[in-house]
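Novice: take a look and give me a structure for this.
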Amino acid sequence: MLLSAEGVLSVYRSKVAKVITIRCRCRKKGTSVWTDRIFSITRRIPFLKDPYFTAVPTNVSRQQYYLNPRAVVEDTSGIVPNPDRVLSFDWWTQRGTADGGAAWELHDEHTSAPTIPTNFIDPIYGGNLRLDWKDKGATD
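Specialist: Residues are numbered from 1 along each chain as shown. Modelled structure (predicted):
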């Protein structure tokens, strides 16, 4: 939080998980009587649909060395122009196996437009790409 000389209190969105309660103590100049004001700020963000990714082919050629997926976030007005401003994205890959039991590996963090090497893709069993996201303002 930041209190300016003009008496304006700025609350950084990243510091507010769901609700923040602020207690303000003040007194009128020349008196000894303190006045308390307590108020709460509830963090409200626009409704966001679950992000999805685009620009990934269904079949990846062996000559293609990188994937360049793009996270797409939509709200009630349409596509959010800069999704990195409100959400943090993690990109996970999983190498395809006969039993499907390969571990997920984190490839890129905190970006909506990564460059991911295709070496996780098995020539026979393929691979999987997963997008996880988190609201940048939430702390939990």
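Novice: can you name the residues that contact residue 35?
Specialist: With contacts taken as C-beta atoms under 8 Å, 6 or more residues apart in numbering, residue 35 has the following neighbours: 25-28. C-beta: built from backbone N, CA, C; applies to glycine.
Novice: show me where this protein has its strands.
Specialist: Defined through DSSP state E, the strands belonging to the chain, from first to last, are 2-3, 9-10, 19-27, 34-42, 52-54, 66-67, 70-72, 74-75, 78-79, 87-95, 104-109, 116-117, 127-135.
Novice: and of those, who's closest to residue 60?
Specialist: The closest approach between residue 60 and any of the strands of the chain, judged by C-beta to C-beta, belongs to strand 66-67 at 7.1 Å.
Novice: let me see the mean pLDDT of the closest one.
Specialist: For strand 66-67, mean pLDDT rounds to 90.
Novice: sorry, back to before: quick check: which of the strands of the chain is buried the most?
Specialist: Mean neighbour counts were compared across the strands of the chain using mean count of other C-beta atoms under 10 Å; the top stretch is strand 87-95, at a mean of 19.
Novice: thanks a lot, see you next time.
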